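> sequence and computational prediction follow.
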Amino acid sequence: MNNSMQVLVDRVKRDYQYQFRNWKSVLDWTVMLYFVVPAVIAAIVIYRSWWLELPVWGSFLSISVIASILYVVAWMGVYRMFVQEADGIFYLKHREAFIFMKKWAYLYAVIKTMLSTTLSIVLLLPFLLNSAALEILDIVFLLFYFIGLTLFVQSLHIRIRFTYSGWKQKLWLVLLFIILFFGNLSLFMLGVQAFLIGILAILLTVFSLTLVRPIVLTTGFFQEEYLLENEQRLRFVSGILGASPSVENPKIIKRKKPWMFRGKMFKKRNAQNGFIELFLKIFLRNSTYIGGYFRLIAVTSAAIFILPPLVLKLAIYFGFCFFISIWIGGVWDEIIFTNPIGKRYGNSDDFYRVRKKVGLLLTLFTAGVLLIALLISMLVFTNS
C-alpha cells in the first residue's frame with residue numbers, strides 16, 4: 001500500500017516536471033519577465049479592485065451566469081490514473097499493488113477537484129456576495145454542489161470514453177454536455193433552496209463513486225487507461241500543435257478504403273474543383289486538422305457564451321473570425337504544398353482564387369456557429 005502511494009507520488013512529480021519543461025520551451029525567460037509576471041500582478045490588482053467595487057459588467061453576473069461558468073469549468077478536467085505502459089507487465093504479478101496505486105490516483109483526483117473548485121468559488125466570491133447576493137451558508141452549499149457535479153461529470157466522462165469509441169463517444173459527450181448544462185442552468189434560474197442544493201451535492205458524489213468504482217477496482221481497462229493517461233500527459237503539447245499548423249505534425253492514417261468521399265466530389269473537372277477536392281478530402285479525413293478546427297471553435301464559443309460584457313463578446317467574435325481566416329490559410333498551404341499536385345500547380349492563379357474562396361466559406365461557417373452561441377448567450381443571460 002505504501003509502495004503504491006510512493007509510485008503515484010513519483011509519477012505525479014515527474015508529470016509536473018514534464019509539463020513545466022513544456023511551458024519553458026514555449027515561454028522563455030524574456031516572455032516570463034515581460035508578459036507573464038506583469039499579467040499576474042495585473043490580475044491580483046484587478047481581483048482586489050473587485051472587492052472594493054464591482055466592475056460595470058459585474059451586474060450581469062447573476063447566480064445563473066456564475067453557475068454556467070462553473071459548469072463549463074467542471075467539464076475541463078478528467079480523471080488521471082497515471083497508468084504507464086510498463087504496468088501491463090507489472091500488474092500480472094502485483095495486481096493488488098496496481099489497484100492500490102489506482103485508488104491513490106483517484107483520491108488525488110478528488111482532492112485536486114476539491115481544491116480547483118474551491119479556487120473557482122474564491123475567485124468568484126465578490127460576485128457571489130454582491131451581484132448574486134448570496135449568504136455564506138449558500139456559498140458553502142454551492143461549493144459542495146459543484147464539487148459533486150465536477151466529480152459526477154468526470155466519472156461520467158471516463159465511463160463513456162471507456163464504453164464507446166469514435167463518433168458514438170463524441171455524440172454521447174455532446175448530448176450529455178447539453179442536457180446537463182440546461183439542467184444545471186434551470187436549477188438556479190428556478191431558485192432552488194440551498195439545502196436542496198446540498199442534498200443534490202451528496203447524491204452527485206455518490207453517483208460519481210458508483211460510476212468510477214468498477215474502473216478503479218479492475219485491471220480490465222488497462223489499455224484505455226494507458227491511452228487516456230498518455231493523451232492527458234501530452235495535452236499541452238497537443239494543444240500547441242492543434243492550434244498552430246506551422247509546427248503541426250499531422251497523423252498519418254493508413255486505410256485501404258477512406259471512410260468518406262471515396263469517389264469524386266465534383267462532376268465538373270477543372271483546376272479550381274481539383275484544389276477544393278484535394279483540400280477537403282485531406283482536411284476532413286485527418287483528425288488533427290478537423291479536430292483542431294472544432295476545438296478552436298468550441299473554446300471560443302464557450303468564451304462568448306460565458307463572458308458577460310457584450311462589448312467583450314463582440315471583440316472575441318470579430319477577433320476570432322479574423323484569426324480563423326489566417327489559420328485556415330495556413331492549413332491550406334500546409335495541405336496543398338505537402339502534396340505533389342499542390343507543389344506542381346501551387347503558383348497558378350486558380351490556387352490563390354480557391355484559397356480565398358475556401359477561406360471565406362470556412363470563416364463564414366465559423367462566424368455562423370459563433371453567432372448562434374452569441375444569440376443564445378444574450379437570450380439566456382438577459383432573461384436571467
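All right, it came through fine. Numbering: from 1, shown residues only.

> for the rest of this, base every contact and every neighbour count on C-alpha atoms.
Fine.

> where do the strands sit along the protein?
Ranges of strands within the chain: none, based on DSSP state E.

> center of it - which residue?
With distances taken as Cα atoms, centre = their mean, the chain has Met76 as the residue nearest its mean C-alpha position (5.2 Å).

> could you measure from that residue over to Val83?
With distances taken as Cα to Cα, to the nearest Å, Met76 is found 20 Å from Val83.

> pLDDT score assigned to the residue nearest to the centre of the chain?
The score at Met76 is 84. That number is its pLDDT.

> now Val206
For Val206, the pLDDT comes out at 94.

> do a quick rundown of the helices in the stretch 1-150 of the chain.
In the stretch 1-150 of the chain, the helices defined using DSSP state H, counting those that start in this stretch lie at 2-26, 29-31, 37-52, 63-74, 87-93, 95-123, 125-129, 136-163.

> do the stretch 151-300 of the chain as well
Using DSSP H, counting those that start in this stretch, the helices of the stretch 151-300 of the chain run over 166-189, 194-216, 222-233, 235-243, 271-285, 287-306.

> can you tell me which of those helices the model trusts least?
Mean pLDDT values for the helices of the stretch 151-300 of the chain show the minimum at helix 235-243, a mean of 56.

> picking that back up, wait, which of the helices of the stretch 1-150 of the chain is closest to Leu307?
Leu307 sits nearest to helix 63-74 of all those, at 8.5 Å, using Cα to Cα.

> quick one: list the elements packing against the closest one.
If you count contacts as 3 or more Cα pairs under 8 Å, 6 or more residues apart in numbering; DSSP states H and E, helix 63-74 packs onto helix 136-163, helix 166-189, helix 287-306.

> how about a cut-off of 10 Å?
When contacts are defined as 3 or more Cα pairs under 10 Å, 6 or more residues apart in numbering; DSSP states H and E, helix 63-74 packs onto helix 95-123, helix 125-129, helix 136-163, helix 166-189, helix 287-306, helix 349-383.

> make a markdown table out of the ones you listed and add mean neighbour count.
Output for those, formatted as a markdown table (neighbours: other Cα atoms under 10 Å):
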| stretch | mean neighbour count |
| --- | --- |
| helix 95-123 | 18 |
| helix 125-129 | 20 |
| helix 136-163 | 21 |
| helix 166-189 | 14 |
| helix 287-306 | 18 |
| helix 349-383 | 16 |
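
> would you convert those into JSON lines that also reports distance to Ile328?
Converted to JSON lines, these look like this (distance: least, Cα to Cα, whole Å):
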{"stretch": "helix 95-123", "distance to Ile328": "34"}
{"stretch": "helix 125-129", "distance to Ile328": "39"}
{"stretch": "helix 136-163", "distance to Ile328": "30"}
{"stretch": "helix 166-189", "distance to Ile328": "24"}
{"stretch": "helix 287-306", "distance to Ile328": "9"}
{"stretch": "helix 349-383", "distance to Ile328": "6"}
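
> excluding chain neighbours, what is closest to Ala194?
The shortest distance from Ala194 to any non-neighbouring residue, by Cα to Cα, 6 or more residues apart in numbering, is to Asp138 (5.6 Å).
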